[in-house]
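Student: Build me a structure from this.
(one chain, ligands or ions: 2)
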Amino acid sequence: MAKTALHRPSGQGPAPLLTSLAGLLREWLPRQRWFAGKGRPVTDLALVSSTELYPGCLHLLVRTEFLDSRSAAGAGAPPADDCYQLLLGIRKVVPPRLAHAVIGRASAGPLSGLMVYDALHDTRAAGLLLERLRRPGTAGPLRFERDVRVTLPAGLAPRLLDAEQSNSSVVYGDSFILKVFRRIQPGINPDLEVPCALARQGCTRVPAPAAWFRTSQPQEATLGVLQPFLPGATDGWSLALESLAADREFTDEAYELGRATAEVHLALASALPVDAPSPPRNRRLAEAMRERLDAAVHSVPELRPYAPGLRSAFDALASLDSGVRPAQRIHGDLHLGQVLRAGQRWSVIDFEGEPARPLAERRRLQSPVRDVAGMLRSFDYAARSRQPWRPEWAERCREAYCAGYAAEAEWDPREEPELLRAYETDRAVYEVLYEARHRPDWLPVPMAAVGRLASAEVR
Ligand SMILES: Nc1ncnc2c1ncn2[C@@H]1O[C@H](COP(=O)(O)OP(=O)(O)O)[C@@H](O)[C@H]1O
Ligand SMILES: O=P(O)(O)O[C@H]1O[C@H](CO)[C@@H](O[C@H]2O[C@H](CO)[C@@H](O)[C@H](O)[C@H]2O)[C@H](O)[C@H]1O
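Tutor: Ligands and ions are numbered 1, 2, ... in the order given. Okay, the predicted model is just below:
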């Protein structure tokens with residue numbers, strides 16, 4: 001990844017503060033669910049920016065450096081680095097209600113002897129963050145902005161979500177939810193950009209951003225987005241598992257979900273640029289998929305025996321000379337955990353894209369078939385996550401989802417079999433990497449799909 005100012009601090013950062021925090025953070029960061037360098041020790045740490053949000057609460061951007069022996073370059077690879085957003089509380093004594101949020105006691109530097117904790121767990125800090133968003137303005141390099149047409153009441157009670165997340169989210173009084181991005185990359189985050197564009201387009205399937213904050217130093221980057229909370233909503237993953245446990249069909253829900261996905265894609269194609277299909281683009285796409293597979297084989301050697309079969313999916317895409325959908329902005333990481341159902345209606349959330357990919361890549365125009373493939377993989381995941389495995393349940397959901405999509409979009413993703421297979425394969429490879437890094441117990445789920453896809457012919 002190209003180094004940017006967010007990755008390369010200017011060197012004039014508040015070094016004494018780092019003396020207080022480096023040891024604590026080096027230990028604490030790799031244990032966080034949202035830390036992308038899982039399992040790799042932090043070899044170096046630097047402050048990119050530090051802002052006192054209010055006395056006793058520091059906003060930090062920190063750069064972590066780690067040895068990525070799993071990268072395609074192997075054990076001799078240069079250190080990789082990431083930038084993370086932290087909100088740290090500093091107190092002499094941490095009350096018992098915040099014991100679980102403690103990072104440790106600083107033993108040196110200006111904070112010597114003081115306790116440091118993750119301030120997002122602190123209702124006072126989370127409440128003050130909402131106050132900042134209610135009253136647009138700046139704090140050092142941070143800018144707080146909002147849609148002035150939305151009423152943001154004062155004093156909404158905050159609670160930090162306890163979900164398995166790539167970021168951290170705080171719910172305010174069941175009215176709003178603030179996503180605080182953890183891994184920060186320069187540029188506008190698609191999770192702000194895309195929902196704003198959809199709101200302008202009048203699409204109501206996606207909660208519209210009500211407020212957000214960003215930094216302008218050392219580079220422009222989105223730090224957090226506040227949006228309406230959908231009360232009583234349940235995510236698609238929980239609903240699918242409930243339906244499997246009760247031996248119920250999920251085809252009506254899958255059909256509606258297909259329609260909702262198509263509605264969002266149509267709105268995105270109107271709101272943001274679209275690119276005509278072309279054979280060179282197919283070849284470039286297939287090449288990128290091959291490269292990702294090679295890198296994944298390096299990291300997860302279990303993939304190696306399947307690689308030739310998986311590559312054949314990418315070869316089939318490369319040799320297509322027509323019939324591929326135009327590229328447009330898409331969701332980019334669509335799965336059952338990214339859709340919420342309240343009453344009979346599906347909403348779509350989390351337009352960040354696959355968190356491990358660079359921001360520029362996530363903002364690229366892509367085929368909407370990629371999202372369809374993501375959701376198809378998710379039905380398979382649900383069916384395989386329980387015993388007995390129910391492949392026919394997943395198959396019926398997949399068909400219903402595509403039928404719903406076709407009814408709304410007026411084109412059927414099943415009419416693009418080479419593209420669909422290539423994207424499903426690419427997604428399964430991503431999932432193998434994701435599970436190997438984050439949830440090794442789940443690795444057999446995408447590996448089973450890899451086995452199927454490697455031996456599959458285009459249907
Ligand atoms: N607008 C919303 N209304 C209700 N719940 C939400 C909303 N947005 C997110 N959530 C909840 O927060 C969880 C995490 O949100 P998500 O955007 O997927 O975060 P991350 O990118 O960190 O994974 C979701 O699974 C969902 O349960
Ligand atoms: O954190 P995000 O929601 O942005 O997405 C990441 O984590 C997901 C798991 O929480 C992961 O999704 C995979 O597991 C899901 C079941 O837990 C399954 O429904 C998805 O189909 C499967 O891809 C996702 O890949 C990852 O980017």
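Student: Quick check: chain neighbours aside, which residue is closest to the residue of the stretch 1-150 of the chain found nearest ligand 2?
Tutor: Relative to ligand 2, the nearest point of the stretch 1-150 of the chain is Trp34 (8.6 Å; CB to the nearest ligand atom). In this view, the C-beta of every residue, glycine as well, is placed from N, C-alpha and C. Spatially, and ignoring its direct neighbours in sequence, Trp34 is nearest to Arg182 (4.0 Å; CB to CB, 6 or more residues apart in numbering).
Student: Glu424 too?
Tutor: Closest residue in space to Glu424, ignoring its immediate chain neighbours: Ala373 at 4.4 Å, by CB to CB, 6+ apart.
Student: Next SSE downstream of the helix or strand containing the one you found?
Tutor: Remark: Ala373 resides in helix 369-384, with elements defined by DSSP states H and E. Counting by DSSP H and E, the element after helix 369-384 in chain order, helix or strand, is helix 391-409.
Student: So is that following helix next to ligand 2?
Tutor: No. For helix 391-409, no contact with ligand 2 is found by CB under 6 Å from any ligand atom; the gap never falls below 11.0 Å.
Student: Any buried residues in that helix, and which?
Tutor: 393-394, 396-406, 408-409 (16 or more other CB atoms under 10 Å).
Student: right, and out of the residues you listed, which lies closest to ligand 2?
Tutor: Among the buried residues of helix 391-409, and counting by CB to the nearest ligand atom, the member closest to ligand 2 is Ala394, at 11.0 Å.
Student: count of neighbours near the spatially closest residue to the closest one that is not a sequence neighbour?
Tutor: The shortest distance from Ala394 to any non-neighbouring residue, by CB to CB, 6+ apart, is to Ala383 (3.7 Å). When neighbours are counted by other CB atoms under 10 Å, Ala383 registers 24.
Student: Kindly report the same for Pro388.
Tutor: Pro388 is flanked by 7 other residues according to other CB under 10 Å.
Student: after the helix or strand harbouring Ala296 comes which helix or strand?
Tutor: Using DSSP H and E, Ala296 sits within helix 279-299. Note on helix 279-299: by DSSP H and E, the next helix or strand toward the C-terminus is helix 307-318.
Student: Pro279 is in contact with Asp321, correct?
Tutor: Yes. With contact defined as CB atoms under 8 Å, Asp321 counts as touching Pro279 (4.8 Å).
Student: Of these two, give the one with the bigger neighbour count.
Tutor: Each of Asp321 and Pro279 has its neighbours counted (other CB under 10 Å); Pro279 has more, 13 against 9.
Student: So for the more buried one, what's the pLDDT?
Tutor: Pro279 is assigned a predicted lDDT (pLDDT) of 72.
Student: That one contacts Leu320, correct?
Tutor: Yes. Taking contacts as CB under 8 Å, Pro279 lies within contact range of Leu320: 7.0 Å.
Student: Could you tell me how far the closest residue to Ser112 other than its chain neighbours is located from Arg304?
Tutor: The spatially closest residue to Ser112, leaving aside those adjacent along the chain, is Ala106, at 5.6 Å (CB to CB, 6+ apart). According to CB to CB, to the nearest Å, Ala106 and Arg304 sit 46 Å apart.
Student: Compare the two and say which is more crowded by neighbours.
Tutor: Neighbours per residue, other CB under 10 Å: of Ala106 and Arg304, the larger number sits with Ala106, 21 against 11.
Student: wait, what's in contact with that one?
Tutor: Each residue near Ala106 by CB atoms under 8 Å, 6 or more residues apart in numbering is listed here: 20-21, 24, 112-116.
Student: Which of those residues are buried? Put it as a ChimeraX command.
Tutor: Buried members of the contacts of Ala106, defined by 16+ other CB under 10 Å, are picked up in ChimeraX with:
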select :20,21,24,114,115,116
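Student: need the residues of this protein near ligand 2, please.
Tutor: 164-166, 237, 333, 335-337, 350, 354-355, 377-378, 381, 431, 434.
Student: Which ones among those residues lie within helices?
Tutor: Among the residues of the chain next to ligand 2, the members falling in helices (DSSP state H) are 237, 377-378, 381, 431, 434.
Student: ranges for the helices of the protein?
Tutor: For the chain, the helices defined by DSSP H cover 15-28, 123-134, 190-200, 236-245, 251-271, 279-299, 307-318, 359-362, 369-384, 391-409, 417-438, 444-455.
Student: quick revisit: of the buried residues of helix 391-409, closest to Thr151?
Tutor: Nearest to Thr151 out of the buried residues of helix 391-409 is Glu408 (CB to CB; 32.4 Å).
Student: so who does that closest one touch?
Tutor: 258-259, 262-263, 266.
Student: try Ser216
Tutor: Residues in contact with Ser216 (CB under 8 Å, 6+ apart) are 141, 143.
Student: Tell me how far it lies from ligand 1.
Tutor: Per CB to the nearest ligand atom, to the nearest Å, Ser216 is found 23 Å from ligand 1.
Student: got a pLDDT number for that residue?
Tutor: 91.
Student: pLDDT value on the residue of the stretch 101-250 of the chain found nearest ligand 2, please?
Tutor: Nearest residue of the stretch 101-250 of the chain to ligand 2 (CB to the nearest ligand atom) works out as Ser166 at 3.8 Å. Each residue has a pLDDT score; the one for Ser166 is 87.
Student: again, but for Ala233
Tutor: pLDDT recorded at Ala233 is 97.
Student: For it, which residues are in contact?
Tutor: So Ala233 contacts 340-342, 347 (CB under 8 Å, 6+ apart).
Student: Poorly predicted segments of the stretch 101-250 of the chain, please.
Tutor: The model of the stretch 101-250 of the chain has no residue with pLDDT under 70.
Student: that older thread, list the buried ones in the helix holding Ala373?
Tutor: 369-384.
Student: quick one: it to helix 251-271, angle?
Tutor: 160 degrees (axes from the mean of the first three to the mean of the last three CA atoms, to 10 degrees).
Student: and helix 369-384 with ligand 1, contact?
Tutor: No. On the criterion CB under 6 Å from any ligand atom, helix 369-384 is out of touch with ligand 1, staying 13.0 Å away.
Student: Can you name every helix or strand that that helix contacts?
Tutor: Identification of packing neighbours for helix 369-384 by 3 or more CB pairs under 8 Å, 6 or more residues apart in numbering; DSSP states H and E yields helix 236-245, helix 251-271, helix 391-409, helix 417-438, helix 444-455.
Student: And the contacts of the first one?
Tutor: Which is helix 236-245. By CB under 8 Å, 6+ apart, the residues outside helix 236-245 that reach it are 248-250, 253, 257, 335-341, 346, 378-379, 382-383, 385-386, 390, 393, 397.
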